[in-house]
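*Asks:* Sequence first, then the predicted structure:
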Amino acid sequence: MGPKALKRKAPDTNEMPADAKLPGPEHAGGPSASPPSEITSFRGDYNFLSNFFHSPIVYDGLEFPTVEHAFQAAKCLDQASKLKLLNCNSPTIAKRVGRKVSLRPDWERVKMDIMHDILALKFAPNSQLGNLLLATGNAELIEGNAWHDNVWGSCVCPKHKNSPGQNKLGKLIMGVRDELRSGEKPSSASNV
Ligand SMILES: [Zn+2]
């Protein structure tokens, strides 16, 4: 195999909306532009990393508008509650409604696996979001927040900023990124 010249195009502006055109599928595992060493906010350019980002996902036979909707619905076993969560008008509402559902008995044991599975559907191989995630390279992903969530992310309020959060969401997304990367095949081999 000859070396493949990677063309790197400088973006025209600093803005890269989540629905921006992606670099071609040619990039061979490396980031197409130098990603930062860490991404500590899932806003702006990295809004697509947020569980609230619109990203239709089919999970458990239902199509959810966001990861948050799917995750909240996974808490319950009865279809009526799942549908109620599915039909919440926003992920914010789904999160709120999800606090009041009766949890499936094994929820605490399975919830991390479920979050992983939903994230893997969101960042599917060769999907736009999967490619955007790959383009973050080896950046440490941390959902910095001001809402005191030191479990899924890391709160940066004056009270919490000196005690780093557990960053469970960031770790799961980085895990999915590793899976995407290891599953990547050279584009020349996949089309034979
Ligand atoms: Zn805080």
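*Replies:* Noted; the coordinates are in hand.
*Asks:* quick one: the helices in the protein?
*Replies:* Counting by DSSP state H, the chain has helices at residues 67-74, 79-86, 91-98, 107-122, 128-134, 168-183, 187-190.
*Asks:* So which residues make contact with the first one?
*Replies:* Counting by C-beta atoms under 8 Å, 6 or more residues apart in numbering, the neighbours of helix 67-74 from elsewhere in the structure are 51-53, 55, 57, 59-60, 62, 64, 81-82, 85-86, 88, 91, 94-95, 97-98, 101, 111, 114-115, 118-119, 121-122. Bear in mind the C-beta positions are built from the backbone N, C-alpha and C, glycine included.
*Asks:* do the same with the second one
*Replies:* Counting by C-beta under 8 Å, 6+ apart, the neighbours of helix 79-86 from elsewhere in the structure are 60, 62-64, 69, 72-73, 76, 94, 97-98, 101-102.
*Asks:* Just the buried residues of the residues you listed.
*Replies:* For those, a burial check counting by 16 or more other C-beta atoms under 10 Å picks out 64, 69, 72-73, 76, 94, 97-98, 101.
*Asks:* ok, those vs the ion, which is closest?
*Replies:* Using C-beta to the ion, residue 98 comes nearest to the ion of these, at 21.1 Å.
*Asks:* what pLDDT does the residue nearest to the closest one when sequence neighbours are not counted get?
*Replies:* In space, and not counting its chain neighbours, residue 98 is closest to residue 72: 3.1 Å by C-beta to C-beta, 6 or more residues apart in numbering. As predicted, residue 72 sits at a pLDDT of 98.
*Asks:* can you tell me how far residue 72 sits from residue 50?
*Replies:* Distance, residue 72 to residue 50, by C-beta to C-beta, to the nearest Å: 15 Å.
*Asks:* Any residues of the chain in contact with the ion? List them.
*Replies:* Listed as neighbours of the ion in the chain under the rule C-beta under 5 Å from the ion: 148, 155, 157, 160.
*Asks:* Redo these as CSV? Include neighbour count and pLDDT.
*Replies:* Formatted as CSV, those follow (neighbours: other C-beta atoms under 10 Å; pLDDT from 0 to 100):
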residue, neighbour count, pLDDT
148, 13, 96
155, 20, 97
157, 11, 96
160, 16, 96
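*Asks:* Mind checking which of those are in strands?
*Replies:* residue 155 (DSSP state E).
*Asks:* give the contact list for residue 62.
*Replies:* Residues in contact with residue 62 (C-beta under 8 Å, 6+ apart) are 70, 73, 82-83, 86.
*Asks:* Can you tell me which of those residues are buried?
*Replies:* Buried subset of these (neighbour count, 16+ other C-beta under 10 Å): 70, 73, 82, 86.
*Asks:* if we can go back for a sec, go through the residues of the chain next to the ion and name the one nearest residue 127.
*Replies:* Relative to residue 127, the closest of these is residue 155; by C-beta to C-beta it sits at 30.4 Å.
*Asks:* residue nearest the centroid of the chain?
*Replies:* residue 49 (4.2 Å; C-alpha atoms, centre = their mean).
*Asks:* and stretch 158-175, how far apart are its ends?
*Replies:* 29 Å (C-alpha to C-alpha, to the nearest Å).
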